[in-house]
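Peer 1: need a structure here:
(chains A and B)
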Protein chains: 2
Amino acid sequence: MPKLWNDTIEAHRHAVRDAILDAAASLVDEHGLASVTMSQIATQTGIGRATLYKYFPDVEAILLAWHERQVTAHLEQLAEVRERAGDATQRLAAVLEAYALMAHEHHGTPLAALLHRGTHMARARQHLSNFVRDLVTEGAQAGELREDVPAQELANYCLHALAAASSLPSKAAVRRLVMVTLAGLRQT
Amino acid sequence: MPKLWNDTIEAHRHAVRDAILDAAASLVDEHGLASVTMSQIATQTGIGRATLYKYFPDVEAILLAWHERQVTAHLEQLAEVRERAGDATQRLAAVLEAYALMAHEHHGTPLAALLHRGTHMARARQHLSNFVRDLVTEGAQAGELREDVPAQELANYCLHALAAASSLPSKAAVRRLVMVTLAGLRQT
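Peer 2: Residues are numbered from 1 along each chain as shown, chains lettered A, B, ... in the order given. Model (predicted):
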């Protein structure tokens, strides 16, 4: 088959997959996790059940794929935030605030607890931990952040501390949490 | 029945219950959670199965009761640590270090994940959060800790940050984590 034809097939498969993930997410949002079925997802996507089963074996696999897409989008957003901000400490502060606001908005639900057990999360946590570690290293090299604790430990401190954002009542409280967490990183 | 008799019965029931919890914990420790049965626990405790079922309906109930006893003992230890240390900040530092070392030694296992979903944990977390909040309030009143963030939010920041201790490789790393976490609380 010519390359163009393969590309078109690939793009089509990708579009169907995205549509399935969107349909599943909106059904869960509307009806709750427990009541969503493969039939409903097929109907909402506008495809047959047999086609749906060619893409995914069950609802949980669809939700995990949807969550993996969300997590990837969040990591891309954090990379963009890093590019926008000024010096090393400002970049770190901007990234930590963006991360804490994501934790605040999206988590703390039973669905989140289920999805966060997925294996894609171990990879994402490692990626995020290294991403923050590199920002901390830059800040320490610029003389703004403490150097008496390994950067990887400081990154894990940050991510654990900011997980408190998921149970905070307001964005103002999330910003205070980011300020306190950053204060722990300062040169003493 | 005379009061002394009731007291004796009560003490006996308490001793049997404690022996059951000890037996279950040591069996889980030795063979893993999945393979422990009610029969094994009865044999190890030195009582009949029928007697065991008068105390607990199943293995999970025994493990939850055991964990509740552990958590209570940990909270009592933290209260003792508070009494031993000097000024407000020293008391807070001693309590946070003791808590982080407990998290480091006892957690991060699949059993911990199961037990921490128990309802007794919600009470224990609330108790611990209030306990740390009061220490933070004392420190702020003494002019040593920041006053620009509510003490309850600072307490939750501490407990989330110190949860990182469960995946740290050494006690030295745990002590660095406590130092960094405390730095976030300082008057700026």
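
Peer 1: wait, isn't A:Leu33 in contact with A:Ala112?
Peer 2: No - using CB atoms under 8 Å as the test, A:Leu33 is too far from A:Ala112 to be in contact (10.5 Å). For the C-beta atoms, the positions are set from N, CA and C on the backbone; glycine is no exception.

Peer 1: those two: which is more packed in?
Peer 2: A:Leu33 (16 against 13; other CB atoms under 10 Å in any protein chain shown).

Peer 1: and that one, how far from chain B?
Peer 2: Computed as CB to the nearest CB, to the nearest Å, the A:Leu33 to chain B distance reads 17 Å.

Peer 1: and what of A:Tyr53?
Peer 2: From A:Tyr53 to chain B the distance is 32 Å (CB to the nearest CB).

Peer 1: what do you get for A:Glu68?
Peer 2: The value you get for A:Glu68 to chain B, if CB to the nearest CB is used, is 22 Å.

Peer 1: worst mean pLDDT across the helices and strands of chain A, which element?
Peer 2: helix A:110-115 (a mean of 70; mean pLDDT, DSSP states H and E).

Peer 1: next structured bit after that one?
Peer 2: Per DSSP states H and E, the first helix or strand lying C-terminal to helix A:110-115 is helix A:119-141.

Peer 1: for that following helix, which helices and strands make contact with it?
Peer 2: With contacts taken as 3 or more CB pairs under 8 Å, 6 or more residues apart in numbering or on different chains; DSSP states H and E, helix A:119-141 sits against helix A:59-84, helix A:88-106, helix A:151-162.

Peer 1: what's the closest non-adjacent residue to the residue nearest the centre of chain A?
Peer 2: Closest residue to the average C-alpha location of chain A: A:Val71 at 2.7 Å, with CA atoms, centre = their mean. Nearest residue to A:Val71, sequence neighbours excluded (CB to CB, 6 or more residues apart in numbering or on different chains): A:Ala124, at 4.7 Å.

Peer 1: ok, then the element right after the lengthiest helix in chain A?
Peer 2: Ranked by residue count under DSSP state H, the longest helix found in chain A is helix A:3-31. Note on helix A:3-31: by DSSP H and E, the next helix or strand toward the C-terminus is helix A:38-45.

Peer 1: who does that next one touch, helix- and strand-wise?
Peer 2: Of the remaining helices and strands, those touching helix A:38-45 by 3+ CB pairs under 8 Å, 6+ apart are helix A:3-31, helix A:49-55, helix A:59-84.
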